[in-house]
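Colleague: Coordinates only, no sequence provided:
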């Protein structure tokens, strides 16, 4: 497997993660869902923090929206890096390795605080990026 293919596999895995995240985001505050009582409480109480008055639901929603940007940016960066994996290996290694480490970290956090499917996708994306880094010539 070439480093280019491994980088693109990582990008595709993160795209799958983005699709799952989109589905979860669109239905997290469903009024007929099993957790609606919790969601209702998250929305009903607001507090001032750092000059803004927001509810816990606002923060939850905002962080979820930030993830769209993070996943989208990562997918684009990986795809661009894959196009340069043969011609600019040093730069690709320098950018790709931190992305791989970050997605391993995300996978651990997702396993501890969310659910295994998200964790597995992130860990596989991180491992694929790190393996691609190792395959690039020193």
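Modeller: Thanks, I have the structure now. In this text, all values refer to a predicted model and were calculated from it rather than measured experimentally.

Colleague: low-confidence ranges in the protein?
Modeller: 138 (pLDDT under 70).

Colleague: Residue 119: how many residues sit nearby?
Modeller: 18 (other Cβ atoms under 10 Å). (C-beta placed from N, C-alpha, C; glycine too.)

Colleague: and the gap between it and residue 22?
Modeller: Residue 119 sits 18 Å away from residue 22, going by Cβ to Cβ, to the nearest Å.

Colleague: Next up, identify which helix or strand residue 86 is on.
Modeller: Using DSSP states H and E, residue 86 is not contained in any helix or strand.

Colleague: distance of the closest residue to it other than its chain neighbours from residue 92?
Modeller: Sequence neighbours aside, residue 4 is the residue nearest to residue 86 in space, at 7.0 Å (criterion: Cβ to Cβ, 6 or more residues apart in numbering). Residue 4 sits 9 Å away from residue 92, taking Cβ to Cβ as the criterion.

Colleague: who touches both of these two?
Modeller: residue 85 (Cβ atoms under 8 Å, 6 or more residues apart in numbering).

Colleague: Comparing these two, which residue is more hemmed in?
Modeller: residue 92 (23 against 18).
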